[in-house]
Every structure is written in C-alpha cells, then in structure tokens.
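[1] Quick one, what's the 3D model for this:
(chains A and B)
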Amino acid sequence: MNDIAIKFENISKQYRLGQIGTGTLSHDLNRWWFKIRGKEDPYLKIGDTNNRASRGESDYVWALRNINFEVKTGEVLGIIGKNGAGKSTLLKILSKITKPTTGIIKAQGRIASLLEVGTGFHPEMTGRENIFMNGAIMGMSKVEINRKFEEIVDFAGVERYVETPVKRYSSGMTVRLGFAIAAHLEPEILVVDEVLAVGDAEFQKKAIGKMQEVSHNHGRTVLFVSHNMGAVRNLCNNGIVLQDGSVSFFGEINDAVENYLGESRDYLVGKTIIQSKHRRYHCEKEVELLAAELLNEAEIATDEPLKLKLTLKVNNLKKREVRVKGMINANANTGNRVGCFFSENFDLPENTKPFDIIVTVNNHNLAKGIYSIDFNIGIGNPTTAFTDFDLLYNVLSFEVVFDDYKSKKLISKWAPFWGNSYYKQVEIEMLKNNMNITV
Amino acid sequence: MIHIQNNSLKQYPVEKWDMIIKPDINLFEIDFKEIWRYRNLLIMYVKRDIVTFYKQTILGPLWFFIQPLFTTLMFIVIFGRMAGISTDGLPQGLFYMAGILCWNYFSDCLNRTSLTFKDNQHIFGKVYFPRVVVPISIIISNLVRFGIQFLLFVIFYIYYLAQGVSIHPNIGVLLFPVLIIIMAGLALGFGMIISAMTTKYKDLVFLVQFGVQLWMYATPIIYPLSAAPEKYKLLIVANPMTAVVEAFKYGFLNQQDFNFGNLLYSAGFTVIILLSGILVFNKVEKRFMDTI
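    Here you go, the predicted structure:
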C-alpha cells in the first residue's frame, strides 16, 4: 500500500500582473506565434519571484516556483507563510480551481476543500439545499448526505437557519456550515485555508478538535493554512514554510513555526537590559525593572527550577513593599499565555539605587517548547487584585527540551496537542477489593 | 547502487493515483465519465434554476406564462396592427407565439450559457466540479420552461380551432424533437464559445446583448420567410435558426416556407458549433480563474 497521500512535483505557477486589457491580446498573439513555430512559450522564461513589497522588472511573477514535497496519509500538514507567499495558490491548484504552469500533483482519494472565507455556496439557496449541493459537488449520493445531514447541521449550529437562503447568513455562520459539510462528508484529504479566523472561539476550538479527530481516528490527511501559530502547533505534525513562492522550510511543526517566526535557539534571550520596546503601555514606574537575566542554561528541563535575576530601582520612595509577577507565554511571539507565578512581597530599600533580587520558580511543569516571560512589578495577589508599577513584555525566553533535570533525556515525543503543562508527580494506587470484576 | 535500484523498482508498480493534476491541457481530453458522475449535481442545478426563477415573486410560476403572453400581445399590436406585417394568412396570435416560443428558448439558453463563467466565478473559485454542468443545466431547465410555455401554445391552438379558424398540423410535427435538439445544441455551442471568450475579453458580454436582439430580426419570427426582403434573403437563410423556426411553423401551422435542405444545413451547422464549443470550453475551464 502506498502511504503517500499527495505528491507535489515541481509545481510552479505564473501570474501576469496589472490589468488584463490592451496588452493581453498582443501577448496572446505572440504566444500563439511561438507555439505554431513549435517554440516554447516566451513568457515562461521571464518573471520575478513573487515579493509583493518590492517593485519588479517584469509583468510576470511566479506565485509558486518549483514546489516539491509529499504528504503522508493521515498526516496533518500546516502550511505557513506571509501574505502572498503562495499558500492559497498552492491549495487552489490542489483543489483543481486552476492549473499549475508546470509540474504535477498526484493524489489519492477524494479532496474536500474549504478555500478562503465564504464557500462554494449558492446565495439564493437555503442551507439545506446547499448541503445537498456541496455534497453532490463532492460526488456523494443523496442517501449518503441524508445520513450525515443532522450531524452537519448540529455541528454547524445553524439549525434555525436551515430553511433560509445562505445570502442571509452571517459570515461566521457561512464558514461554520462550510466547514461542517467539508469535514463530515468524509473526504480522504481535507484542505482548510484560513477560514477559522472568521468563526468565534467556540467554533475554532470545535473545528480544530474535529480536524484532530478526522486525522487521528480516521487516518485522513489534512492540509491546514493559518496565521494562528497556536492553532497550527496544536493541530499539525509537520509544517511547510512558504516564502516568495518557494519552500523555505519543511519539517516538524515546531521547527517550522520557529523558522517562520524567525525564532531559533540563537534567538533565545537569556539576559536583557530593559528598553522602551519591552513596555507596551504607560506605567508610572514607582518601582522599575532595569534588567533581567536567566541563570539557567537556555535549554532547560521540565523539573528544573527556573532561576531569574532581576535588577530593580525604586523611583517613588513612598512605596514600602512590592512583589514580582511573571507571566509565561508559549511560543514566544504568538502570545499564548501558559501561566503566572507570584513572588512573596519584599521590602524595598529606602534609596533610589539599583538593587538585585533572585526569583526561583520551583515547579513550572512546562512541557517541550519555547517560552517567553513577561514581568510585572507591583502589589497584590490573585485573591485581591494586582496593581502594576511596571509591566514588561517578552523580557526573557528559554526552551524546555529535557524530560529530567539530572538524566537530561530529551522530551522528543511530546505531541503538540497534549498542551503546555507536563505534570510529573502522578501517583497511582491499586485498590485490592475491586479485583473480582471480570472482564 | 544496487540497493537503490531495487528500491525504485519495488516502489514503481504500487504507485497508483486517483487524481493527477498537470499543466498541459489536451484539447480533446474530455472526461465524460466524470461528467456522468456529477449527474446528481446536474439535477440539482436544474431544479435550482427553475425554482429561483420565480423565488421572491408574488405570481410565482405564473410568470412562465405571462412572459410569452405579453410578448405575443405586444407583437400583435406593434407588428401586426401598426406595421401591418404579413403573417402568411395565419392567425397572428399563433404565428407570433410559435416564433416567440422557439426564439425565447434559443435566446434564453444562449444569453445565460454565455455568462457561465462570469456569473459563477465565486463558486467556481471555491469548489471544483466539471464546469460544463452549468451550461448543460441551463439548457435543460430552459427546456422545462419551454415545455410549460408550449402548453400555452396548445391552449391558444385549441382556442383558435374552437373559433373555427382552419389550421392543419401535418407530418412535420414529428420533427419537433429534432428541432429542440438543434436549438439546444446551437445555443449551447455558441454559449460555450462566448462564455469561454468572455473570461478574458469582457467586451463580448455587451456584444452578445446586442447581437441576440439583432439576430431575432434576422430570423423569421415577426415575418414569414416569404415576406423577407430579397436584399437580406441570403443572410436570413444562412441563419441556422431560420430553418428551425420555419420547420416549427410548418409542422404545427402548415406554413409552406419549409425546405428540408435548409434544416439539414442547420443541423450540420449545429454539430460544428457544438463541437467547437465543447473544445473551447474544455480548454478554458481549467485556467479561467487566472484571467477572469
């Protein structure tokens, strides 16, 4: 059995920029003239790489250039890249909306795709009619669709609107319905292009759960485009980074996201002097953070105490005591907050000279991943409230890679959707009196 | 070295793909099997076409009748009474309605199929299915409308018979299905060619609007072929719709301008147009999203 679901071989796509108008006819004629003389299309040789920001020489650009990769059956592949990198073009070619200029795609199984916002719905037709229509488009029989109908409506949560034309739906409802249809009609390959952004939080969660279920339980292949790095890390096993129409990285999803965000291990910040970029909001700075340093190595273990050295300075001598709050974010730039720690209150010196403190976090329980720390100097705690004196973002960053502080074994098999916390002290107790239950 | 060779040999035969996407488009590569697999969709499109026609209207399906009825009345007043154009001794109501029925079917099909890509670009841009499903569905749904309107013609027919007007259908009535096929094929062929060309050059959309109107006057709808001016006769006979309309009137109303050779010419013309339409459409549907 062949376990490759999709194979992209040398895929390129050329587009013509600007208006299609007066120049079109002359180029067409020229192309035709080359063709009847048995020569190659003259416009295929030219063309810039597709960098939308810079002014190019040619009217032709390569939206995609020599894309080669394979997707295994049951794999969830994240496709990431900046706007205009070629993600949607790639999915459009895969969905047979348009043809590649060169190259071949080979695939196994039915493909259901959900491209961009708003799906292939007929605005005049009701939700019910559109479900059947989309099913028919995917080559399903009426009986099959009937069997799934309730499930689709239920998943989309549009029960009340089933008999209403789709043109009256909100954009969120349209996407919900579109996703529900695509995911429930049991395609072997599901292609989802940045559609979740329109749905609300509840739906995004549901949709990601559904995609996980589809790939893990049913062994189906999912291609997922998103700018939400949190969702991409959660869902995908592997990632591909597109840049100006070419593959700039292909590999494990965390590495792909790091590559895309430009965070690699060299970028981990173990020591920082506070600058204005760390402050996003105005703070009174009664007590100010001047510098921070991580005393551990940049790569740490789940059970390793986190030691932080902070340099503070008192600006308002009326303040007598203060505490440090640290907020830990997963994936540095994506800002998914994982948790918080609070130090004890401590007394402040009675002068304005800088002084150092060391904060130790003993059981952070963080799982494999890159994290950053935001700091908050102030008073209060979770049972009262916290008043900020100074608030700083992205001060330090580090990576958790080891399972155990002493043995330094790598946590290499941590699945992204297991979360960010790794609780190590778990006890189990066998209860003897229940042993007479037969299986 | 040997190991690698073995490996590739072993892998090759198991490579079986359900779908292959490649850039070169073979002009004659039409996947009829695929179109057949999408027949379910075709049926839905036809249903939708018929239903959405009168959605959000008060009179509903009655509009199917009102349209040809009013056009016939208008023609009686303008061309029959005011301009006094001959109807070859046939009752004006039946004469005009016969022409309008045929022409409406043909022109509706042509107008709508020629907008296939333009009207459906948002759907074509999101999902794949054989695009040809859309023009075919238009031809079929219009046929249903044609059938309903034909009922109106039959009612008129009976009314005139009851009035004692002498009209005699003849053996030519048997050609009726052939006439429908010719009209459908002609409209589909022209429509597909135009729709394919409008993806790049939108000028054609405007041209078609004028063209179809002019075309009607080059077809014996408001006048019998015998009354056509000598100067334009050649043009009118060269028009493939002429023989169809004449044959229709010949069969049902026994109008004597019918010439079997002309009908053969129309049939041949239709086959050529339809084939080129299919080829052009097939070529364009693969890439039109880039140019529209």
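[2] going forward, measure contacts between C-alpha atoms and count neighbours the same way
    OK.
[3] What segments of chain B are helices?
    B:2-14, B:32-37, B:39-53, B:63-75, B:92-113, B:116-124, B:133-162, B:176-198, B:203-217, B:230-238, B:240-253, B:260-285, B:288-291 (DSSP state H).
[4] Adding mean pLDDT, distance to A:Ala112 and mean neighbour count, write those helices out as JSON lines.
    Formatted as JSON lines, the helices of chain B follow (pLDDT from 0 to 100; distance: least, CA to CA, whole Å; neighbours: other CA atoms under 10 Å in any protein chain shown):
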{"stretch": "helix B:2-14", "mean pLDDT": "41", "distance to A:Ala112": "24", "mean neighbour count": "9"}
{"stretch": "helix B:32-37", "mean pLDDT": "82", "distance to A:Ala112": "16", "mean neighbour count": "13"}
{"stretch": "helix B:39-53", "mean pLDDT": "84", "distance to A:Ala112": "16", "mean neighbour count": "18"}
{"stretch": "helix B:63-75", "mean pLDDT": "88", "distance to A:Ala112": "38", "mean neighbour count": "16"}
{"stretch": "helix B:92-113", "mean pLDDT": "91", "distance to A:Ala112": "27", "mean neighbour count": "22"}
{"stretch": "helix B:116-124", "mean pLDDT": "83", "distance to A:Ala112": "14", "mean neighbour count": "18"}
{"stretch": "helix B:133-162", "mean pLDDT": "91", "distance to A:Ala112": "19", "mean neighbour count": "18"}
{"stretch": "helix B:176-198", "mean pLDDT": "92", "distance to A:Ala112": "26", "mean neighbour count": "23"}
{"stretch": "helix B:203-217", "mean pLDDT": "88", "distance to A:Ala112": "33", "mean neighbour count": "13"}
{"stretch": "helix B:230-238", "mean pLDDT": "86", "distance to A:Ala112": "48", "mean neighbour count": "14"}
{"stretch": "helix B:240-253", "mean pLDDT": "90", "distance to A:Ala112": "43", "mean neighbour count": "25"}
{"stretch": "helix B:260-285", "mean pLDDT": "91", "distance to A:Ala112": "19", "mean neighbour count": "19"}
{"stretch": "helix B:288-291", "mean pLDDT": "72", "distance to A:Ala112": "19", "mean neighbour count": "18"}
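[5] could you dump the ones you listed to JSON lines with distance to chain A?
    What follows is the helices of chain B, written out as JSON lines (distance: least, CA to the nearest CA, whole Å):
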{"stretch": "helix B:2-14", "distance to chain A": "6"}
{"stretch": "helix B:32-37", "distance to chain A": "7"}
{"stretch": "helix B:39-53", "distance to chain A": "5"}
{"stretch": "helix B:63-75", "distance to chain A": "19"}
{"stretch": "helix B:92-113", "distance to chain A": "17"}
{"stretch": "helix B:116-124", "distance to chain A": "5"}
{"stretch": "helix B:133-162", "distance to chain A": "10"}
{"stretch": "helix B:176-198", "distance to chain A": "12"}
{"stretch": "helix B:203-217", "distance to chain A": "11"}
{"stretch": "helix B:230-238", "distance to chain A": "30"}
{"stretch": "helix B:240-253", "distance to chain A": "30"}
{"stretch": "helix B:260-285", "distance to chain A": "8"}
{"stretch": "helix B:288-291", "distance to chain A": "6"}
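[6] Mind checking those helices for the one nearest to A:Val257?
    helix B:288-291 (30.4 Å; CA to CA).
[7] can you list contacts of the closest one?
    A:Tyr15, A:Ile20, A:Ile97, A:Thr98, B:Phe117, B:Gln121, B:Phe124, B:Gly125, B:Thr199, B:Lys200 (CA atoms under 8 Å, 6 or more residues apart in numbering or on different chains).
[8] Now with 10 Å, please.
    Contacts with helix B:288-291, where a contact means CA atoms under 10 Å, 6 or more residues apart in numbering or on different chains, come from A:14-16, A:19-20, A:24, A:92, A:97-99, B:117-118, B:121-122, B:124-125, B:196-201, B:281, B:284.
[9] Please name whichever of the helices of chain B is nearest to A:Gly270.
    helix B:2-14 (46.6 Å).
[10] And the longest helix along chain A, what's buried?
    Determined from DSSP H, the single longest helix within chain A is helix A:201-218. Across helix A:201-218, burial judged by 16 or more other CA atoms under 10 Å in any protein chain shown covers A:Phe203, A:Gln204, A:Ala207, A:Ile208, A:Lys210, A:Met211, A:Gln212, A:Val214, A:Ser215.
[11] right, and the fourth one touches A:Ala197 too?
    Read it as A:Ile208. No: applying CA atoms under 10 Å, one finds A:Ile208 not in contact with A:Ala197, separated by 11.8 Å.
[12] Could you find the closest non-adjacent residue to B:Phe156?
    B:Leu94 (6.9 Å; CA to CA, 6 or more residues apart in numbering or on different chains).
[13] One more: B:Gly60?
    B:Tyr54 (5.0 Å).
[14] do you know how far A:Gly135 is from chain B?
    9 Å (CA to the nearest CA, to the nearest Å).
[15] Any figure for the gap between that residue and A:Leu310?
    Using CA to CA, to the nearest Å, A:Gly135 is found at 60 Å from A:Leu310.
[16] quick one, which of the two is more surrounded?
    A:Gly135 (23 against 20; other CA atoms under 10 Å in any protein chain shown).
[17] Correct me if wrong, but the more buried one is in a helix.
    Yes: according to DSSP: H, G, I helix; E, B strand; the rest coil, A:Gly135 belongs to a helix.
[18] which residues sit in contact with it?
    Going by CA under 10 Å, 6+ apart, A:Gly135 touches A:112, A:129, A:141-142, A:144-146, A:181-182, A:184-185, B:40-41.
[19] Next one: it from A:Asn146, what distance?
    Going from A:Gly135 to A:Asn146 by CA to CA gives 10 Å.
[20] can you pull the contacts of B:Leu174?
    Counting by CA under 10 Å, 6+ apart, the residues that B:Leu174 touches are B:Phe248, B:Gly251, B:Phe252.
[21] ignore the last one, A:Glu297
    Shown in contact with A:Glu297 (CA under 10 Å, 6+ apart): A:Gly270, A:Leu306, A:Lys307, A:Phe398, A:Glu399.
[22] in a strand, that's where it is, yeah?
    No: with three-state DSSP as the criterion, A:Glu297 is assigned coil and is not in a strand.
[23] Just the pLDDT for it.
    Turning to A:Glu297, the model gives it a pLDDT of 85.
[24] rewinding a little: count the residues that sit near the residue nearest to B:Gly60.
    Residues lying near B:Tyr54 (other CA under 10 Å) number 15.
[25] With A:Ser276 instead?
    A:Ser276: 8 neighbours (other CA under 10 Å).
[26] And the one 10 residues further on, by the same measure?
    The local packing of A:Glu286 (other CA under 10 Å) involves 17 other residues.
[27] Tell me, what's the model's pLDDT at it?
    With respect to pLDDT, A:Glu286 has a value of 91.
[28] For it, which residues are in contact?
    A:Glu286 neighbours (CA under 10 Å, 6+ apart): A:Lys313, A:Val314, A:Asn315, A:Asn316, A:Leu317, A:Lys318, A:Lys319, A:Ile377, A:Gly378, A:Asp388, A:Phe389, A:Asp390.
[29] can you check A:Leu294 too?
    A:Leu294 sits next to A:269-272, A:306-310, A:358-359, A:396-398 when contact means CA under 10 Å, 6+ apart.
[30] Turn these into a markdown table, including distance to chain B and secondary structure.
    Listed next are the contacts of A:Leu294 as a markdown table, based on distance: CA to the nearest CA, whole Å; DSSP: H, G, I helix; E, B strand; the rest coil:
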| residue | distance to chain B | secondary structure |
| --- | --- | --- |
| A:Val269 | 44 | coil |
| A:Gly270 | 47 | coil |
| A:Lys271 | 49 | strand |
| A:Thr272 | 48 | strand |
| A:Leu306 | 50 | strand |
| A:Lys307 | 52 | strand |
| A:Leu308 | 52 | strand |
| A:Lys309 | 54 | strand |
| A:Leu310 | 54 | strand |
| A:Ile358 | 57 | strand |
| A:Val359 | 54 | strand |
| A:Leu396 | 44 | strand |
| A:Ser397 | 42 | strand |
| A:Phe398 | 42 | strand |
